[in-house]
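S.K.: sequence and predicted structure, then a few things I'm wondering about:
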Amino acid sequence: MRGIAAVPSYVVMQPTTLCNLDCAYCYLPMRAADQRMPVAVAEAVAAAVNPWAAAGRFSVVWHGGEPLAAGRKHLAALLAPFGPEVEHHVQTNATLIDDAWCAFFAEHGIRVSVSVDGPRERNAERVTRGGRPAYDRILAGVAVLRRHGVAFSALAVVSRPAPGLATELYDYFLDLGCDVLGVNIEETEGVNTRTNARDPAAVTAFWAELVGAWRRDPRIHLREVEWSLRYAGAVLAGAADDLLPRRLDPIPTVAHDGSVVVLSPELAGFTDPRYGDFSSGNVLATPLAEILVDAGRTPWVGEFLAGVEACRSSCPYFGFCGGGHAANRYFELGRFDGTETEHCRNSKIRLLEGVLEHARDHESPAA
Ligand code: SF4
């Protein structure tokens, strides 16, 4: 894997900066302001995306802010320029979901992913703008999805991973009815400056227990566990080198104003005296395909690619991780060419160690 691919596998779009919640760990800098994406931005992105989708599977992920806060009328106008081959996804806090939104998801073929951190007491960080718990409103939205038979994924942030928590979480999501689950250990990113340094043994034990919970009832596609098992299987088959893509997926994030930040959506909306606004161009001035072809020339991107090479030559986990995420390096280390971060320790290194710990604890005595 070297350099950045000219064609991504998906694009992240920010229909509005606004979020109706104010979660304690949120990284978004402008979530109190309703800055909406003009339709001209969607038209410019669709001009690049439609041919990519006609040639193979391609997704647009509507992220925020809270994307549903843009309203159905505006979101419909932003969706209109995209062709029928484009898959649309929405990452939502679910609090605004009602019957009309479910009809909207069905009409536009939108796949839904809900952000919820587990049972009520695990959602203390998810609060309204007035500081009240958002849990009942999140669950009310999920109930509407279920009533309409809308399949959904879930994304959970875990702030304090520890033994005992993983089984509780997995059982909760089995009951919730999601078909895919992603688990993120809280990250120090954006305006969230809380430390994410965690006790290594507790994080490893959390992941090991999550593998065990999933193996007992693997009805949910558990993203992190399936990734690591796929990697372990490839290592055993001598095919680990084939797992990483040949080039990094640029994961372009198109912000509300049309500016494009590659590799890490979390960098959108920030500026730095050394790196500027992190953007590689604006779709209102330059076609997205051209921006991506030249993205490697954005100074911080070159620095990040040097960091990926440093990872390749120094880290035994590189074949699984591929060099980590740009935003974690920047917000933890202040630059892009470092290697280990707390994020990669929590979410890559200890994840793989947890899978191995589970395997060791459950290996057959005869083996
Ligand atoms: S685990 Fe960390 S140090 Fe290793 S390749 Fe990934 S980002 Fe680099």
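M.R.: On my side now, so go ahead. Numbering: from 1, shown residues only.

S.K.: helices of the protein, start to end?
M.R.: Taking DSSP state H to define them, one finds helices in the chain at 39-55, 72-79, 99-108, 135-147, 165-176, 200-216, 223-236, 288-293, 299-314, 318-321, 326-333, 342-344, 350-361.

S.K.: so which of the ones you listed is the most surrounded?
M.R.: Among the helices of the chain, helix 326-333 has the highest mean neighbour count (mean count of other Cβ atoms under 10 Å), at a mean of 23. For the C-beta atoms, the positions are set from N, CA and C on the backbone; glycine is no exception.

S.K.: which elements pack onto that one?
M.R.: helix 299-314, helix 342-344 (3 or more Cβ pairs under 8 Å, 6 or more residues apart in numbering; DSSP states H and E).

S.K.: do that again at 6 Å, thanks
M.R.: Judged by 3 or more Cβ pairs under 6 Å, 6 or more residues apart in numbering; DSSP states H and E, helix 326-333 is in contact with no other helix or strand.

S.K.: quick check: angle from it to helix 299-314?
M.R.: If you take axes from the mean of the first three to the mean of the last three Cα atoms, to 10 degrees, helix 326-333 sits at 90 degrees to helix 299-314.

S.K.: what pLDDT does P365 get?
M.R.: On the pLDDT scale, P365 is placed at 56.

S.K.: an error on my part: the question was meant for M1.
M.R.: Per-residue confidence (pLDDT) for M1: 65.

S.K.: before we move on, what about C315?
M.R.: pLDDT at C315 comes out at 94.

S.K.: run a quick neighbour tally on it.
M.R.: Applying other Cβ atoms under 10 Å, we find 18 residues neighbouring C315.

S.K.: ignoring the adjacent residues along the chain, who's closest to it?
M.R.: Nearest in space to C315, with sequence neighbours left out and distances taken as Cβ to Cβ, 6 or more residues apart in numbering, is T339 at 6.2 Å.

S.K.: how about that neighbour, what does it touch?
M.R.: T339 makes contact with 310-311, 314, according to Cβ atoms under 6 Å, 6 or more residues apart in numbering.

S.K.: let's see that with 8 Å instead.
M.R.: Contacts for T339 (Cβ atoms under 8 Å, 6 or more residues apart in numbering) come out as 307, 310-311, 314-315, 324.

S.K.: same deal with E332?
M.R.: Contact analysis of E332 by Cβ under 8 Å, 6+ apart lists 188, 196, 341-343.

S.K.: what does the stretch 201-350 of the chain put close to the ligand?
M.R.: The stretch 201-350 of the chain comes close to the ligand at residues 311, 315, 317-318, 321, 323-324, 339-340, 344, 348-349, as judged by Cβ under 6 Å from any ligand atom.

S.K.: 8 Å - rerun?
M.R.: 307-308, 310-312, 314-318, 320-325, 328-329, 339-341, 343-345, 348-349 (Cβ under 8 Å from any ligand atom).

S.K.: on the pLDDT front, check G323 for me.
M.R.: Confidence score, pLDDT, at G323: 88.

S.K.: was I right to think it contacts V308?
M.R.: Yes. Counting by Cβ atoms under 8 Å, G323 does reach V308; the two are 3.5 Å apart.

S.K.: quick one: A151 from L351, how far?
M.R.: Distance, A151 to L351, using Cβ to Cβ, to the nearest Å: 26 Å.

S.K.: centre of the chain to stretch 74-85, how far?
M.R.: 22 Å (Cα atoms, centre = their mean, to the nearest Å).
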